[in-house]
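Asker: sequence unknown, structure follows:
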């Protein structure tokens, strides 16, 4: 028998006796560890904005988790991507292409081997000589740009066995100073304005990806670059960024370059700590030599042994006096004050570069990765960002080791758009300098994705979920009218490959919905799906020989659903009814073995049917099946303001606390409280009373929630104030009882230890303590899911008889 949620009215309900939970396999996670980086903050951008100060703590978390890679490994990989067979075999540790290319670029380093009169190779060394004499950071940009563009001109057409002969016609990259130009982008009602120092841009006369076709020839355009050159106005046109910091002094280039072994700088990987300050990496460790595999497809007769270069800088020469770069947000900082603040007030270069990477990952749809660079004095570091995380590459001195810089530029020059991380399966339609829409073909159907109302993610790792309206006439004709009425939306996200896919989860959800009225009509309608199997983020990690390359690996999914509206738009009884429907749907699914585990304001939706509001429990990409073995994945991106207090403490965020039904139950309550306090007439208030919950980390939010439960505010005129106060009391009582029982149990155990250690044993006292401990051990055992639901159902107005029916009728699938 099915019981509609609307038919249930208030009445008390008894709790079931407590039951002990089965201890989980120690080799498995108890719950998915929580993401603590920028993707966690991106859930509440509308509150804390996109400013540097607000986002720095979150970005630091991402930067500190970077995987490290040797410079020569990355250079070899980039060359492989730029080779004639980029999809062929690649073996970590082999530097066949790198050795070959270093030999070929050496004459250019020494001012020889090119016939380009506009860009003589000798200008590279001359520009680097000027570069090493600069004392101000802003003076570094022009000579670096000149040296790099001259090198590109000299490298174009350089024939190297196995490599693409010319630069990409799709891109035709060039370097240009950007500072002090502000590049804006809109995120959740805020506009960021960041100022990368030097940018890499495309020069193309005709391209579907870039609006402003450049006139003339690459040589003419690049040769005439000056302060009046057109600046980028949109992040979509930026291929890469270079962030600079000056040092007190640099050695000039050597008179003659020769090939040398890789030499790591003192700050090999440019590490920072959780406080955002640079770490002392100690003496630089040189990479161990890896035997060359006999399987190399492009192997030379003899491996190159690079000799020591003829002129090197002293290993002991200290670098200091990093330039004091001002913040990137135009609305909060002026360039004139760039060097007036102390270094401690500025984020580290790794953080600034990460913010630029987040802009580039968000602006174009389904971006696979971003490559950016940090330049401190005469040393350069490559940074590779994708949804699995950051790969930090060992730095090198590009003035003293110019051949490696030219090999890097040689590879990048030959990159097609795909090699720059752009996803060319999604074809853009431009409207001025903005992207109006994208088209993509899935199973013979052409989808048009509306970019103008797109919800853009602003994050580095994680799912990077894009949501946008979609039009597909063929799909609309194939589906029943009620499934597409009101429109369709597309969801693009990078899912962990080890998880049960959302599509598979929804198949189980559909089976439960066919049998139970509490679920039927209260779950999303999936219309189309596609997994992009060739886009695994583990590919580069395997190629680089990184440890655990598949741990946390992600791939791109596209799902199309019937369009819904967010429940936060509702008010009064409509909000209450839709919310309760979602609560009931969630419990039935949980009892059936489908655990949602990500209840949030964004995941509760609704639609109208015959004038009646129907609540929908949405978004199952973090859900798990009870029957699956360790289906939890390696990281979850919960929305901190809605997470249960017990999941916000340190050990829970590491995945050592099992995710229980009561945790999702508590999330439902926080969602309701949040909407009541933060929204007015269906709109987010400019300054909400609970904004602080979104501006702190998980531990800080837990403390604020505890404070709220102890003394909830009582705003005048709040429609659901009685329910909010009831919920606060409900959670406070439960939280207090759990905390009290745990403390009392620990205290009794300690007291028993002390009594047992006493030479004069009091047997009656021992028996009394043992009995007390036994009772406390019973008290700390978790309630059954049914008991927790019964208590919750009584609090939100469900009849006990109807609850009995619900609890008894649901069986795991």
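Answerer: Looks like it came in fine. Everything numeric in this text was worked out from a predicted model, so none of it was measured.

Asker: Make sure residue 352 is actually in contact with residue 244.
Answerer: No - here residue 352 does not reach residue 244: they are 10.3 Å apart, not a contact under Cβ atoms under 8 Å. To be clear about C-beta, it is placed using only N, CA and C from the backbone, and glycine gets the same treatment.

Asker: helix, strand or coil for residue 627?
Answerer: Here residue 627 takes the coil state, with states given by DSSP: H, G, I helix; E, B strand; the rest coil.

Asker: count of neighbours near it?
Answerer: Neighbouring residues of residue 627 were enumerated by other Cβ atoms under 10 Å; the total is 12.

Asker: pLDDT value on it, please?
Answerer: Among the per-residue scores, residue 627 shows a pLDDT of 85.

Asker: try residue 275
Answerer: For residue 275, the predicted pLDDT is 90.

Asker: The one 4 residues further on now?
Answerer: In this model, residue 279 is scored at 92, pLDDT.

Asker: tell me the contacts of it?
Answerer: Taking Cβ atoms under 8 Å, 6 or more residues apart in numbering as the criterion, residue 279 is in contact with 271, 272, 273.

Asker: need the helix or strand of the protein with the lowest average pLDDT.
Answerer: Across the helices and strands of the chain, mean pLDDT, DSSP states H and E gives its lowest value to helix 650-653, namely a mean of 62.

Asker: chain center to the very next helix or strand once past that helix, what's the gap?
Answerer: Next helix or strand after helix 650-653 toward the C-terminus (DSSP states H and E): helix 661-678. Helix 661-678 sits 24 Å away from the centroid of its parent chain (Cα atoms, centre = their mean, to the nearest Å).

Asker: Now do the residue minimising distance to the centre of the chain against residue 376, distance only.
Answerer: In the chain, the centroid-proximal residue (Cα atoms, centre = their mean) is residue 461; its distance is 2.4 Å. Using Cβ to Cβ, to the nearest Å, one obtains 25 Å as the distance from residue 461 to residue 376.

Asker: cool, and residue 67?
Answerer: In this view, residue 67 and residue 376 are 21 Å apart by Cβ to Cβ.

Asker: Run through the bridge partners of residue 442.
Answerer: In this entry, residue 442 is beta-bridged to residue 445, by DSSP bridges.

Asker: On the pLDDT front, check it for me.
Answerer: Confidence for residue 442, expressed as pLDDT, is 95.

Asker: what's the neighbour count on it?
Answerer: Other residues lying near residue 442 total 16 when counted by other Cβ under 10 Å.

Asker: For stretch 422-441, buried residues please.
Answerer: Of the residues in stretch 422-441, those buried under the neighbour-count criterion (16 or more other Cβ atoms under 10 Å) are 422, 423, 425, 426, 428, 430, 435, 437, 438, 440.

Asker: Check these and tell me the two furthest apart.
Answerer: 425 and 430 (17.2 Å; Cβ to Cβ).

Asker: can I get the buried residues of stretch 422-441 in CSV with secondary structure?
Answerer: As requested, these are arranged in CSV below (three-state DSSP):
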residue, secondary structure
422, coil
423, coil
425, coil
426, coil
428, strand
430, strand
435, strand
437, strand
438, strand
440, strand
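
Asker: Distance to residue 447 for the residues you listed - can I get that in TSV?
Answerer: Converted to TSV, those look like this (distance: Cβ to Cβ, whole Å):
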residue	distance to residue 447
422	18
423	14
425	11
426	9
428	13
430	18
435	15
437	10
438	8
440	5
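
Asker: just to revisit the earlier point, ok, and the most crowded of the contacts of residue 279?
Answerer: Once you tally neighbours by other Cβ under 10 Å, residue 272 ends up highest among the contacts of residue 279, having 19 neighbours.

Asker: On the pLDDT front, check that residue for me.
Answerer: Residue-level confidence at residue 272 comes out at 94, pLDDT.

Asker: Please tell me how far it sits from residue 353.
Answerer: The gap separating residue 272 from residue 353 is 12 Å, by Cβ to Cβ.

Asker: Which stretches in the stretch 151-300 of the chain count as strands?
Answerer: Using DSSP state E, counting those that start in this stretch, the strands assigned to the stretch 151-300 of the chain run over residues 173-177, 183-187, 190-194, 198-202, 240-245.

Asker: Tabulate those (a markdown table), appending mean pLDDT, distance to residue 105 and mean neighbour count.
Answerer: Output for the strands of the stretch 151-300 of the chain, formatted as a markdown table (pLDDT from 0 to 100; distance: least, Cβ to Cβ, whole Å; neighbours: other Cβ atoms under 10 Å):
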| stretch | mean pLDDT | distance to residue 105 | mean neighbour count |
| --- | --- | --- | --- |
| strand 173-177 | 95 | 17 | 23 |
| strand 183-187 | 90 | 32 | 18 |
| strand 190-194 | 90 | 33 | 20 |
| strand 198-202 | 95 | 19 | 22 |
| strand 240-245 | 97 | 20 | 25 |
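
Asker: got TSV for those strands, with distance to residue 100 too?
Answerer: Rendered in TSV, the data for the strands of the stretch 151-300 of the chain read as follows (distance: least, Cβ to Cβ, whole Å):
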stretch	distance to residue 100
strand 173-177	22
strand 183-187	37
strand 190-194	38
strand 198-202	24
strand 240-245	24
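
Asker: Any idea what residue 175 is bridged to?
Answerer: residue 200.

Asker: From what I see, it and residue 202 are in contact.
Answerer: No - here residue 175 does not reach residue 202: they are 11.8 Å apart, not a contact under Cβ under 8 Å.

Asker: What residues of stretch 479-490 count as buried?
Answerer: Within stretch 479-490, the residues that qualify as buried by neighbour count (16+ other Cβ under 10 Å) are 479, 483, 484, 488, 489, 490.

Asker: Nearest to residue 92, out of those: which one, please.
Answerer: Distance to residue 92, by Cβ to Cβ, is smallest for residue 490 among the buried residues of stretch 479-490, at 36.5 Å.
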